[in-house]
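build the 3D model from these lines:
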Amino acid sequence: MMRWSIACLVYFFTTAAVFGLLRGVNAYKQLTDAELMELGERWPPMPQLDPENGSLLSPLLIPRSSGTKGAKKALQFLTDFFEKELPEWELILDNFTDPNTPHGPINFANLIARRDPPGTQKGEVGRLVVAAHYDSKMLPEGFIGATDSAFSCAMMLYIAKIIDAALTAKWAEADGLEEDTKGIEMIFFDGEEAMVTWTATDSLFGARHLAEVWDETIHHPPASRPSELSSIDLFLLLDLLGAAGPRIPSYFATTHWAYKHLARLEAIIRASALAQASSKPWFFDTARSPSVWRSTIEDDHVPFMKRGVEVVHLIPTPFPGVWHTMGDDKNALDVNVCREWALVMGGFVLEWMEVGVAAAVGVAPAEAVSKANGVKRELK
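Numbering: from 1, shown residues only. Sure, this is the predicted structure:
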């Protein structure tokens with residue numbers, strides 16, 4: 001997992017940050033209370049995300065530290081999910097070897113699952129990124145990391161299923177592609193955990209590599225976005241989620257607008273029959289003063305944020321009590337909390353992609369037919 005750094009990460013005075021603040025106030029159509037209820041009824045997160053036997057979660061509740069058979073098994077599960085259930089998504093494998101880890105050369109593999117409007121050109125699409133790390137800590141031996149971050153990865157699969165059906169329905173319409181340049185990307189990072197002790201070089205292996213590669217991947221004119229990195233409009237990082245009673249601060253001024261959207265979605269669910277988790281509001285920080293901001297948590301967002309990417313970091317403070325202990329197994333997950341996280345995040349992604357719930361609930365995954373073809377490739 002991440003660690004607390006000594007100094008706050010400061011980037012707010014860069015041009016990218018200022019642009020992000022302005023971009024953040026742009027309105028998009030919000031889901032109504034009724035739509036969010038319909039999402040929960042027609043696309044229930046359970047039993048898929050059930051810690052006991054959920055089809056999207058159970059395969060990830062294994063030790064999966066980088067470079068091990070467990071990590072390969074987890075990666076294969078994630079890859080198989082998209083290839084078999086969501087074939088319209090482009091899969092990108094970012095394979096690389098770091099020769100200088102504390103344990104010598106280790107192979108890492110980030111998985112990127114992407115869906116863009118059919119027919120769009122490279123450098124013309126702006127993407128919402130939802131990200132989490134799929135590796136687990138090496139020690140203690142046998143550590144699973146249910147909150148860290150198996151549940152987050154499983155929830156991303158659930159979100160991909162509901163948004164896929166909605167995008168298929170939207171883009172099947174003649175006017176569904178007109179001037180549509182919004183895409184979505186799921187990033188499953190490898191190598192977030194330190195091999196021995198957290199340092200600048202013994203942590204965030206996958207995130208550091210991918211951020212550098214995308215920063216150097218240039219989109220030539222007439223592309224409106226000069227690099228692959230600049231194609232990211234918002235970077236949502238999920239970590240340490242699924243335990244009871246999370247308290248999520250708003251960490252960054254330039255994305256506080258997005259935080260407030262998440263808080264609104266949580267409030268709708270809490271006021272409905274879908275709510276079963278008993279705790280204080282998770283997104284408690286909506287009234288934060290613009291002059292008081294901080295983030296001292298090092299996580300997979302840092303290499304991207306340092307390059308000007310706008311970030312929403314969804315991680316509780318304080319961390320769950322089972323953090324980095326053998327207690328972070330399936331029993332650390334609260335079923336009701338997991339359900340509500342999936343609905344909040346699913347609602348946010350549907351709003352961002354401007355598809356609404358009607359498209360998502362009106363097309364079952366097995367019925368979805370798209371004009372696009374799925375592609376799998378590796379970063380070079």
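
pLDDT value on residue 12, please?
If you check residue 12, the pLDDT there is 33.

can you get me a residue count around residue 77?
Residues lying near residue 77 (other Cβ atoms under 10 Å) number 19. In short, each C-beta sits where N, CA and C put it, glycine included.

which residues does it contact?
Residues touching residue 77, when contacts are defined by Cβ atoms under 8 Å, 6 or more residues apart in numbering, comprise 59, 60.

hang on, residue 351 packs against residue 31?
Yes. Using Cβ atoms under 8 Å, residue 351 makes contact with residue 31 at a distance of 5.6 Å.

low-confidence ranges in the stretch 151-300 of the chain?
Low-confidence segments of the stretch 151-300 of the chain, defined by pLDDT under 70, are located at 174-178, 290-292.

now the strands for it?
Along the stretch 151-300 of the chain, the segments classed as strands by DSSP state E, counting those that start in this stretch run 182-189, 232-238, 297-298.

helices and strands around the last one, which ones?
Put plainly, it is strand 297-298. In terms of contacts (3 or more Cβ pairs under 8 Å, 6 or more residues apart in numbering; DSSP states H and E), strand 297-298 is packed against strand 3-4.

tell me the average confidence for the strand it packs on?
Rounded to a whole number, the mean pLDDT of strand 3-4 is 47.

and for stretch 331-338?
Per-residue pLDDT values across stretch 331-338 average out to 96.

start to end distance for it?
12 Å (Cα to Cα, to the nearest Å).

work out the gap between it and the centre of the chain.
For stretch 331-338, the distance from its own C-alpha centre to the chain's C-alpha centre is 18 Å (Cα atoms, centre = their mean, to the nearest Å).

which residues does that stretch contact?
45-46, 49-51, 146-147, 151, 155, 242-246, 276-279, 320, 322.

do the same with stretch 275-292
By Cβ under 8 Å, 6+ apart, the surrounding residues in contact with stretch 275-292 are 244-250, 253, 256, 259-260, 262-263, 266-267, 269-270, 316, 334, 336-337, 339-340.

again, only this time at 6 Å
Residues outside stretch 275-292 that contact it (Cβ atoms under 6 Å, 6 or more residues apart in numbering): 245-246, 248-250, 253, 260, 262-263, 266, 269, 336-337, 340.

again, but for stretch 139-149
Taking Cβ under 6 Å, 6+ apart as the criterion, the residues outside stretch 139-149 that touch it are 1, 61, 63, 132-133, 136-137, 239-240, 242-243, 320, 326, 328-330, 332-333.

can I have the buried ones of those residues as a ChimeraX selection?
Typed into ChimeraX, the next command selects the buried ones out of the contacts of stretch 139-149 (criterion: 16 or more other Cβ atoms under 10 Å):
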select :1,61,63,132,133,136,137,239,240,242,243,320,328,329,330,332,333
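
among the contacts of stretch 139-149, which lie within strands?
In this view, these that belong to strands under DSSP state E are 132, 133.

just the contacts of stretch 139-149: which are in helices?
Among the contacts of stretch 139-149, no member falls in helices (DSSP state H).

the contacts of stretch 275-292: which two are farthest apart?
Between all members of the contacts of stretch 275-292, the longest pairwise span (Cβ to Cβ) is found for 253 and 336 and amounts to 31.7 Å.

what lies in contact with stretch 226-240?
126-132, 147-149, 152, 214-215, 217-219, 225, 299-301, 304, 307, 309-316, 319-320.

measure it end to end?
The first residue of stretch 226-240 is 33 Å away from its last residue (Cα to Cα).

in that stretch, what counts as buried?
Along stretch 226-240, these residues count as buried under the neighbour rule (16+ other Cβ under 10 Å): 227-240.

cool, stretch 113-126 as well?
By 16+ other Cβ under 10 Å, the buried positions in stretch 113-126 come out as 113, 114, 115, 116, 117, 118, 123, 124, 125, 126.

endpoints of that stretch, how far apart?
Counting by Cα to Cα, the terminal residues of stretch 113-126 are separated by 15 Å.

starting at the chain centroid, how far to that stretch?
18 Å.

swap in stretch 99-118?
Centroid separation between stretch 99-118 and its chain, computed with Cα atoms, centre = their mean, is 15 Å.
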